[in-house]
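>>> sharing a sequence plus its predicted fold:
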Amino acid sequence: MLHAKMKYRCSVPLIILALVLVPVNCNNSTAETCYHCSMNNPKASTLGPELEGMSGYKRCCKGEVRDYFKSTHYKEIISNGTSVVVHENSSYEHYHSFISACAHYQPYGFGNTYINGNFFGDMEVAAFLAHVIGSKIYCGKKVATMEQLAQGSCYNEEINFNSNYCDERYQNIYPCVPGVEYYGRGPLPIYWNYNYGKASKDLSVDLLSHPEYIEQNTTLAFQVSLWRWMTPIKEDQPSAHNVFIGYWEPTKNDILANGDFGATMKVLYGDLVCGQDDNLSMENIILNYLNYLDTMGVTQGARSREMFSCAN
C-alpha cells in the first residue's frame, strides 16, 4: 500500500554507518503524531486527513505494544534464535526496557498503527526485532550477549574503527565534544555526532555530550534504536517505520525494494546488504523476521519472496 508522499527541504552529503556516502534529511524532526482511532470504529480514524492521492485511506493508532507482545514472546524470540546469547535472569528486565521504549514512540504509531483497517503493529514489532537481533553479531570471537548489544560495548571492537565519528561540518549545530567518540551504540546502532545530536533533541537526553548514557541504560538503548527506526535519514526517503507500514508514496525513479520488509533493509543498510543478490546477512534477517511472526502467532498469508527481499 502506498500513501502520503514525504518531502524534505535540506540535504548535505554524509557518511552513514561509517561506510556509505548519502544525502541526509537535516530537518529537526522526526516522527509524525498519529491520530487515535475512532471510538466507534477502532480500525479507522475520522480525524486524520485523507492521504495524498489515496482517497479514503487513513492512518490511525490504537492500543499499546504490551497489549499483544508479552514477556514470553520476547524470551522465546531471543532464546530460540542464533543471533544473540541471552541470560535467563535478564530477559524479563530487557522485555520491560523494550516495552518502556516502545511507549515513547506509540503516539507516533510504533507497534499500534492501522492503515485502512489493517493492523500493522505486531508485524512491525517483529520487523524491528529482526533488525535488532536478526543477524549473528560477534563480540570478539563469541556471539554477543543481549547485554552487550543493548550497551553497544562490542561495536568498537567489531568495526575496528579508527575514527571518533566526528563530522566537523556540523560543528555549528552538533559540535563534537573533546574526547568523546560517536561510534555505534544501541541494539540498532547510531553513529556520528549529527545523529547523536538529533537523537538528543528528540529524546531530551544530552547524548552529544554523554553518549555513554546509551551503554548504561537499556531502556535508552532501545529508545535510540527506535529513533533510528522512526526517523527519516536519507533525503526523499521515508523512515523504516513509514516504509514498512506503507505510509509513503514512491516516485517512478524510487530505488527502494519492492516489498515492505525488504524496503526496511534498503532504508537502514543500503548497499551494505541490498542489491547483492541473495546473501547471508539478508537471509538471516528475513528468516528471523518470519520466525518472530510465527512466535507471535501472526499469519502472513500467501506472499511472494520479493516482498521480504532486497536482493535486486
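Noted; the coordinates are in hand.
>>> how about the strands in this protein?
Listed in chain order, the strands of the chain (DSSP state E) span 11-16, 20-25, 59-61, 113-115, 118-119, 138-139, 142-143.
>>> run me through the strand neighbours of the fifth one, direction for each.
Okay, so that is strand 118-119. strand 113-115 (antiparallel) (DSSP bridges).
>>> picking that back up, among the strands of the chain, which gets the worst mean confidence?
Mean pLDDT per stretch puts strand 11-16 lowest among the strands of the chain, at a mean of 26.
>>> quick check: the nearest residue to R66 once chain neighbours are set aside vs E93, distance?
Nearest residue to R66, sequence neighbours excluded (C-beta to C-beta, 6 or more residues apart in numbering): I99, at 4.9 Å. In short, each C-beta sits where N, CA and C put it, glycine included. Between I99 and E93 the computed distance is 11 Å (C-beta to C-beta, to the nearest Å).
>>> the more surrounded of those two?
More crowded of I99 and E93, by other C-beta atoms under 10 Å: I99, with 19 against 15.
>>> alpha carbons of the top helix by length along the chain, in PDB - could you do that?
Ranked by number of residues, the top helix in the chain under DSSP state H is helix 280-296. Provided in PDB are the C-alpha atoms of helix 280-296 (Å, rounded to 0.1, in the frame of the first residue of the first chain):
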ATOM      1  CA  LEU A 280      23.800 -14.400   4.300                       C
ATOM      2  CA  SER A 281      23.200 -11.100   6.100                       C
ATOM      3  CA  MET A 282      19.900 -10.500   4.300                       C
ATOM      4  CA  GLU A 283      18.800 -14.100   4.600                       C
ATOM      5  CA  ASN A 284      19.400 -14.200   8.300                       C
ATOM      6  CA  ILE A 285      17.300 -11.000   8.900                       C
ATOM      7  CA  ILE A 286      14.400 -12.400   6.700                       C
ATOM      8  CA  LEU A 287      14.500 -15.800   8.400                       C
ATOM      9  CA  ASN A 288      14.400 -14.200  11.900                       C
ATOM     10  CA  TYR A 289      11.500 -11.900  10.800                       C
ATOM     11  CA  LEU A 290       9.400 -14.900   9.700                       C
ATOM     12  CA  ASN A 291      10.300 -16.900  12.800                       C
ATOM     13  CA  TYR A 292       9.300 -14.000  15.000                       C
ATOM     14  CA  LEU A 293       6.000 -13.700  13.300                       C
ATOM     15  CA  ASP A 294       5.400 -17.400  14.000                       C
ATOM     16  CA  THR A 295       6.400 -16.900  17.600                       C
ATOM     17  CA  MET A 296       3.800 -14.100  17.900                       C
END
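>>> quick one: average pLDDT of that helix?
Averaged across helix 280-296, pLDDT comes to 87.
>>> what's in contact with that helix?
Residues from elsewhere that reach helix 280-296 (C-beta atoms under 8 Å, 6 or more residues apart in numbering): 68-69, 73, 76-77, 80-81, 83, 122-123, 125-127, 129-131, 133-136, 261, 265, 273-274, 276, 299-300, 308-311.
>>> would you map the helices across the protein?
For the chain, the helices defined by DSSP H occupy 71-80, 91-105, 121-133, 146-151, 155-159, 193-203, 212-216, 218-230, 240-245, 260-269, 280-296.
>>> what are the buried residues along the last one?
Pointing back at helix 280-296 there. By 16 or more other C-beta atoms under 10 Å, the buried positions in helix 280-296 come out as 281-282, 284-293, 295-296.
>>> just the closest of those to T33, please.
Closest approach between the buried residues of helix 280-296 and T33, by C-beta to C-beta: M296, at 26.2 Å.
>>> the nearest residue to Y74 once chain neighbours are set aside and I285, how far apart?
Nearest non-adjacent residue to Y74, counting by C-beta to C-beta, 6+ apart: Y95, 4.2 Å away. Using C-beta to C-beta, one gets 21 Å for the distance from Y95 to I285.
>>> same question for S71.
Separation of S71 from I285 (C-beta to C-beta): 24 Å.
>>> burial count for S79?
Under the neighbour criterion other C-beta under 10 Å, S79 is assigned a count of 13.
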